[in-house]
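**Q** No letters, just coordinates:
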């Protein structure tokens, strides 16, 4: 099955008008100032969010792909409600989408265990790509993806969108300054209350008819063969077969700012602890903490989706100053290393900007300019390696040591 078996009724009237749009040559082969022809692989929540940003920037969404027909319907409606005249072609198999005539670039927003094969196939087909974080499910996959991207000479942005936040670039300048002193410790966290509402739980509206529309074999791919399970489909992030749980899913952001702002690419070692204390249908831990030794400084990351009291944030401790980030609001610089109280006046305060729109914009601009994007494939690999090492530590119960030159685990 390569293309959706039936055209949705709300699109029927526009097919004849828009058909010619799909015969145009690639924008990259014509005029770099024109709109890009973009495809979407993976029409879930994140895929919808990313493709909306592409549409806001007035580029063409010419093809969409998902293994569930009802999710294709959702994105087709989003495209149909824009100024774009032609509907997006619909595919159930991503390799068929990559054959779509005139396609310049693709957004890949699928479960992690599909990332390697989909990215390599996309760049081998001559397409630029935006691939959601985390880059890989396994460390060795990242190395293969880097090799393929560089061989194909394509523009690839990994969805570590912190790297497009100007507020974090300003933090980097502060930490590099003499006024900050030496960074000795970084603490990052992400806490949320999903007990009240779990956005990745099986929806109450999920029907038997929708279940029949899912190509379960395609969802599994190379993962172990199992009978259909609604929790595994909707909550795939929390199953080892398909992803790395909270550590890779959220650590891809928080460990990114640790390594970026700390000016270092990889840890020397990591130790992680946690467990599954509330969400019993998860396989991966719902509470997890890790400690990384980066040589020049140490870092901790705590993540749990049971109690959201602390929100999302970071603190960077220097020998002269302290940087505190409320990731949903603002960043404060204190000219002190003493205890910070409500009465302590910050030296500087700056706002946090929405990062996803900036990250998608940067990628699309780089697709046309052929410049490196803010989060190239090598960066995505370096960040997720730190998260993968933490999962290895958690699952083995041992401290894990990393040789960044050899790209190998050397102990633990």
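**A** Looks like it arrived, so ask away. Just so it is clear, the structure is predicted and the values come from calculations on it, not from any experiment.
**Q** I'd guessed residue 189 sits against residue 303; true?
**A** Yes. Using Cβ atoms under 8 Å, residue 189 is in contact with residue 303, at 6.9 Å. Any C-beta I mention is one placed from the backbone N, CA and C, and that applies to glycine too.
**Q** All the helices of this protein, in order from the start?
**A** 9-18, 45-56, 69-80, 94-97, 115-124, 139-152, 166-176, 208-212, 216-220, 230-234, 245-262, 355-369, 377-396 (DSSP state H).
**Q** Taking helix 139-152 as reference, get the angle to the fifth one.
**A** Read that as helix 115-124. 0 degrees (axes from the mean of the first three to the mean of the last three Cα atoms, to 10 degrees).
**Q** Likewise for the second one?
**A** Using the same axes, to 10 degrees, one finds that helix 45-56 and helix 139-152 are set 20 degrees apart in direction.
**Q** Helix 45-56 - contacts with which helices or strands?
**A** The contact analysis (3 or more Cβ pairs under 8 Å, 6 or more residues apart in numbering; DSSP states H and E) places helix 45-56 against strand 37-41, strand 60-65, helix 69-80, strand 105-108, helix 355-369.
**Q** Could you pull out the buried residues of that helix?
**A** Of the residues in helix 45-56, 46-48, 50-55 count as buried by neighbour count, 16 or more other Cβ atoms under 10 Å.
**Q** same check, this time on the shortest one
**A** Taking 16+ other Cβ under 10 Å as the basis for neighbour counts, the residues of helix 94-97 that come out buried are 94, 97.
**Q** if I read this right, residue 67 contacts residue 221, doesn't it?
**A** No. The pair residue 67 and residue 221 does not pass the contact test of Cβ under 8 Å, sitting 9.4 Å apart.
**Q** who's more crowded, the two?
**A** residue 67 (25 against 15; other Cβ atoms under 10 Å).
**Q** Phi and psi next, for that one.
**A** Main-chain torsions, residue 67, degrees, to the nearest 10: phi -90, psi 0.
**Q** measure it to residue 216 for me?
**A** To residue 216, residue 67 is 8 Å away according to Cβ to Cβ, to the nearest Å.
**Q** just residue 148 next, same as before
**A** Separation of residue 148 from residue 216 (Cβ to Cβ): 28 Å.
**Q** who's more crowded, those two?
**A** residue 148 (19 against 16).
**Q** if I look at the residue nearest to the more buried one when sequence neighbours are not counted, how far off is residue 217?
**A** In space, and not counting its chain neighbours, residue 148 is closest to residue 120: 4.4 Å by Cβ to Cβ, 6 or more residues apart in numbering. Taking Cβ to Cβ as the measure, residue 120 falls 21 Å from residue 217.
**Q** Lowest-scoring secondary structure element of the chain by mean pLDDT?
**A** Among the helical and strand segments of the chain, the one scoring lowest on mean pLDDT, DSSP states H and E is helix 9-18, with a mean of 33.
**Q** Looking at this structure, which strand is longest?
**A** strand 183-191 (DSSP state E).
**Q** follow-up on the earlier one: quick one, which of the helices and strands packed on helix 45-56 gets closest to residue 197.
**A** Residue 197 lies closest to helix 69-80 among the helices and strands packed on helix 45-56, at 19.9 Å (Cβ to Cβ).
**Q** what comes up buried for the closest one?
**A** Buried, per 16+ other Cβ under 10 Å, within helix 69-80: 69-76, 78-79.
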